[in-house]
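Novice: turn this into a model:
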Amino acid sequence: MKSYSAVPTRPEAARSGTEDWPDACSRGDEEDVAGDVEVTESSPLLSTSCRDKETPVDSLPKLQFSLVLLLRLAEPITATVILPFINELVRDLDITGGNPKAVGYYVGLIESIFFLTEAVFVLQWGRLSDRIGRRPVLLMGLLGLALSSSSFGLAKTFFQLVLARAAAGALNGNIGVIKSVLAEITTSQTQAQAFGCMPITWSAGGTLGPLLGGFLSRPAERFPATFEGKFWINYPYFLPCLVAAGFSLFCFIVAGFLLEETHPSSTRSKNGKPATNPTNEPSTTDATAPPSTSLRDLLTKNVLVALLNYALLALLDISFTAVQPLFLATPRNAGGLGLGPAKIGTILGALGFANGVVQVLCFSRAVRLLGARNLYAIGMSCYALMFSALPVMHAMARTAPEGELPRSVWAVLGAQLALCIMANMASGCISIFVVASAPSRHAMGATNGLSQTLISLVRAIGPAGATSLFALTIDQKLLGGFLIYAVFVAITAVAVSASTLLPKHAKRESE
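Specialist: Next up, the predicted model:
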């Protein structure tokens with residue numbers, strides 16, 4: 001934020017990069033405004049109309065915005081690169097004692113520990129960024145992702161796997177800080193446009209991660225001419241983890257050279273010195289510094305409703321994300337389809353790519369056509385069909401010869417992936433409601449931070465609970481082997497009902 005002294009000096013350039021005062025203001029239009037409105041000591045030096053003209057509504061700092069999107073890719077790539085091979089990795093380490101039905105318990109714990117440690121530390125990273133700036137915290141997070149990802153590929157025991165994933169979550173507080181950076185490099189006119197791109201980066205990372213994990217695992221078998229030697233045989237899953245770590249390191253280097261600090265107390269003027277008030281008199285911004293928002297003030301009805309819906313969406317989303325690759329990899333005689341890492345990586349990668357394209361082309365149009373609440377409810381209802389498709393595919397595959405899948409299975413799988421894309425539109429919708437629920441614009445950061453902590457906790461519980469329930473269902477034949485699917489269909493019904501509590505129009509409380 002800019003500070004203006006009592007002496008009417010030329011203000012700094014707008015964040016959009018405009019060097020000159022707007023023509024209308026510089027030619028004396030402010031005098032016309034002054035003639036109509038009484039000027040007091042508390043009146044701003046620039047009229048509202050002049051301030052509005054100073055910053056174009058469609059301006060975004062393209063370089064910094066592109067860098068933020070690049071940095072956002074690091075987390076989904078690191079989080080999803082293990083999905084195609086995590087089941088085989090657990091089996092190869094003989095953690096389960098030769099029982100393939102118990103793989104789900106351990107896979108769920110490994111996937112959940114990332115979000116559990118992230119939930120514990122994400123708020124602390126956000127507070128640290130308030131003290132030392134956004135840039136150093138983002139750099140530390142990227143370096144932590146690189147180290148933890150490479151360590152995961154070298155793990156040879158279950159404890160080492162858990163430790164590596166726990167470190168990845170603890171050292172990665174970037175998601176909350178990135179949202180703060182976006183808020184600080186955008187205006188109220190461009191904030192929605194910027195935040196609308198965030199789900200796309202997750203989809204892009206969700207495409208690259210599984211592709212890397214599927215095609216680069218076991219390189220000694222797939223590419224023997226290039227990756228020969230005992231190292232690649234002893235560590236068959238190190239290569240995809242190394243590539244994911246390399247991307248985080250690449251982001252670290254690029255950010256180190258190009259990313260600018262955005263925290264208001266850490267920004268510098270063009271001459272490299274801290275911005276100061278030359279007259280040492282109280283500035284407009286100092287006099288109107290926003291008060292901090294207490295937790296009690298933050299927990300309004302609209303915030304609680306938005307968080308409830310966000311939590312239900314996160315539970316369904318992370319649970320399906322964990323169960324789907326487990327189902328695809330589980331042998332047919334144990335309740336799955338028995339696919340290998342390469343095919344699983346291709347399926348998940350295709351889903352991520354298609355989801356990104358559809359979100360870019362259709363999401364904003366769908367919101368305008370149906371409304372955010374209706375689109376959210378439709379997306380949530382898709383989860384019931386997505387979970388129901390799993391036992392249908394297994395029933396179709398049981399009668400086929402080993403190593404082959406009938407076309408009917410691929411048809412149902414294709415329909416399920418289409419439903420996944422529709423369900424992902426709910427994520428963009430709920431983000432709109434979370435932002436709109438903030439009690440004031442000064443509480444928007446706290447609202448986002450609170451939602452991120454809650455969602456990280458849900459994501460920590462979801463994978464372990466879902467995969468354990470999957471393993472228990474097929475091992476004990478609970479409800480005829482359909483218990484897990486019945487549970488998540490019921491949760492979907494609750495989530496759709498909760499969507500009716502959302503306001504019909506996502507209007508910000510601060511407006």
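Novice: what's the local residue count around Asp475?
Specialist: 17 (other Cβ atoms under 10 Å). (Each C-beta comes from the backbone N, C-alpha and C, glycine too.)
Novice: which SS class is it?
Specialist: Following DSSP: H, G, I helix; E, B strand; the rest coil, we place Asp475 in the helix state.
Novice: give me the pLDDT for it.
Specialist: Listed pLDDT for Asp475 reads 84.
Novice: try Glu31
Specialist: According to the model, Glu31 scores 40 on pLDDT.
Novice: what's the answer for Phe488, then?
Specialist: We have a pLDDT of 96 for Phe488.
Novice: name the nearest residue to it, ignoring sequence neighbours.
Specialist: Phe387 (4.4 Å; Cβ to Cβ, 6 or more residues apart in numbering).
Novice: can you name the residues that contact the spatially closest residue to Gly340 that is not a sequence neighbour?
Specialist: If the residues on either side of it in the chain are set aside, Gly340 comes closest to Ala329, at 7.9 Å by Cβ to Cβ, 6+ apart. When contacts are counted by Cβ atoms under 8 Å, 6 or more residues apart in numbering, Ala329 is found next to 87-88, 336-341, 344.
Novice: and for Ile491?
Specialist: By Cβ under 8 Å, 6+ apart, the contact list for Ile491 reads 312, 315-316, 383.
Novice: make TSV from those residues and add pLDDT and distance to Leu369 to it.
Specialist: Below are the contacts of Ile491 laid out as TSV (pLDDT from 0 to 100; distance: Cβ to Cβ, whole Å):
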residue	pLDDT	distance to Leu369
Leu312	95	24
Leu315	94	28
Leu316	95	24
Tyr383	97	22
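Novice: would you check that my belief about the residue nearest to Phe488 contacting Leu483 is correct?
Specialist: No. Phe387 lies out of contact with Leu483 (Cβ atoms under 8 Å); the separation is 11.5 Å.
Novice: what about the residue positioned nearest the centre of the chain, helix or strand, and which?
Specialist: Taking Cα atoms, centre = their mean, the centroid of the chain lies closest to Trp202, which sits 5.7 Å from it. Here Trp202 sits within helix 198-216, counting by DSSP states H and E.
Novice: what residues of stretch 99-118 count as buried?
Specialist: Residues of stretch 99-118 classed as buried by neighbour count (16 or more other Cβ atoms under 10 Å): 100-118.
Novice: what's the separation between the closest residue to Gly246 other than its chain neighbours and Arg72?
Specialist: Excluding its sequence neighbours, the residue lying closest to Gly246 (Cβ to Cβ, 6+ apart) is Ala146, at 7.5 Å. Between Ala146 and Arg72 the computed distance is 16 Å (Cβ to Cβ, to the nearest Å).
Novice: hmm, Pro341 is touching Ser217, no?
Specialist: Yes. Between Pro341 and Ser217 there is a contact at 5.1 Å, judged by Cβ under 8 Å.
Novice: so where's the stretch 251-400 of the chain shaky on pLDDT?
Specialist: Counting by pLDDT under 70, the stretch 251-400 of the chain has low-confidence residues at 263-295.
Novice: could you redo the last one with a cut-off of 80?
Specialist: In the predicted model of the stretch 251-400 of the chain, residues 262-299, 349, 352, 356, 359-360, 363-364, 368, 399-400 satisfy pLDDT under 80.
Novice: for the nearest residue to Arg222 once chain neighbours are set aside, report the pLDDT, please.
Specialist: Spatially, and ignoring its direct neighbours in sequence, Arg222 is nearest to Phe215 (7.6 Å; Cβ to Cβ, 6+ apart). For Phe215, the pLDDT comes out at 88.
Novice: how about Phe215, what does it touch?
Specialist: Contacts of Phe215 were listed using Cβ under 8 Å, 6+ apart, and they are 222, 240, 342, 345.
Novice: rerun that using 10 Å as the cut-off
Specialist: Phe215 sits next to 84, 222-223, 239-240, 341-342, 345-346, 349 when contact means Cβ atoms under 10 Å, 6 or more residues apart in numbering.
Novice: just the buried ones out of these, please.
Specialist: With burial judged by 16+ other Cβ under 10 Å, the buried subset of the contacts of Phe215 is 84, 239-240, 341-342, 345-346, 349.
Novice: off-centre distance for the helix or strand Cys362 falls within?
Specialist: According to DSSP H and E, Cys362 maps onto helix 341-370. Between the centre of helix 341-370 and the centre of its chain there are 15 Å (Cα atoms, centre = their mean, to the nearest Å).
Novice: that one to helix 198-216, inter-axis angle?
Specialist: Helix 341-370 and helix 198-216 are oriented at 170 degrees to each other (axes from the mean of the first three to the mean of the last three Cα atoms, to 10 degrees).
Novice: helix or strand right after helix 341-370?
Specialist: Helices and strands here follow DSSP H and E; after helix 341-370, the next one along the chain is helix 372-398.
Novice: who touches the closest residue in space to Met198 that isn't next to it in sequence in this structure?
Specialist: Leaving aside its chain neighbours, Met198 sits nearest to Arg72 (6.6 Å; criterion: Cβ to Cβ, 6+ apart). Contact analysis of Arg72 by Cβ under 10 Å, 6+ apart lists 174-175, 178-179, 181-182, 197-198, 200-202, 204-205, 251.
Novice: all helices for the stretch 201-350 of the chain, in order.
Specialist: With DSSP state H, counting those that start in this stretch, the ranges of helices along the stretch 201-350 of the chain come out as 219-222, 230-234, 238-258, 284-287, 295-298, 301-329, 341-370.
Novice: and among those, the most buried is which?
Specialist: When these are scored by mean count of other Cβ atoms under 10 Å, the highest mean neighbour count falls to helix 301-329 (a mean of 22).
Novice: that helix: how far from the chain's middle?
Specialist: Offset of helix 301-329 from its chain centre (Cα atoms, centre = their mean): 13 Å.
Novice: quick one: work out the angle between it and helix 341-370.
Specialist: Using the same axes, to 10 degrees: helix 301-329 against helix 341-370 is 150 degrees.
Novice: measure Ile132 to Glu118 for me?
Specialist: 20 Å.
Novice: also Leu308?
Specialist: As judged by Cβ to Cβ, Leu308 and Glu118 stand 21 Å apart.
Novice: same question for Leu70.
Specialist: Distance from Leu70 to Glu118, counting by Cβ to Cβ: 20 Å.
Novice: cool, and Pro136?
Specialist: Relative to Glu118, and taking Cβ to Cβ, Pro136 is found at 19 Å.
Novice: same deal with Leu145?
Specialist: Leu145 is 11 Å from Glu118, where distance means Cβ to Cβ.
Novice: identify the contacts common to the two.
Specialist: Shared contacts of Leu145 and Glu118 (Cβ under 10 Å, 6+ apart): 75, 79, 168-169, 171-172, 174.
Novice: can you map out the helices along the stretch 401-511 of the chain?
Specialist: Counting by DSSP H, counting those that start in this stretch, the helices of the stretch 401-511 of the chain are 407-436, 444-476, 483-499.
Novice: give me whichever of these is most buried.
Specialist: Across the helices of the stretch 401-511 of the chain, averaging neighbours per residue (mean count of other Cβ under 10 Å) puts helix 444-476 on top, at a mean of 21.
Novice: the inter-axis angle of that one versus helix 483-499?
Specialist: Using the same axes, to 10 degrees: helix 444-476 against helix 483-499 is 150 degrees.
Novice: show me what helix 444-476 is packed up against.
Specialist: helix 103-132, helix 158-170, helix 174-185, helix 295-298, helix 301-329, helix 372-398, helix 407-436, helix 483-499 (3 or more Cβ pairs under 10 Å, 6 or more residues apart in numbering; DSSP states H and E).
Novice: from the chain's centroid, how far away is stretch 249-264?
Specialist: So, by Cα atoms, centre = their mean, the centroid of stretch 249-264 is 19 Å from its chain's centroid.
Novice: correction: stretch 399-417
Specialist: Computed by Cα atoms, centre = their mean, the chain-centroid distance of stretch 399-417 equals 31 Å.
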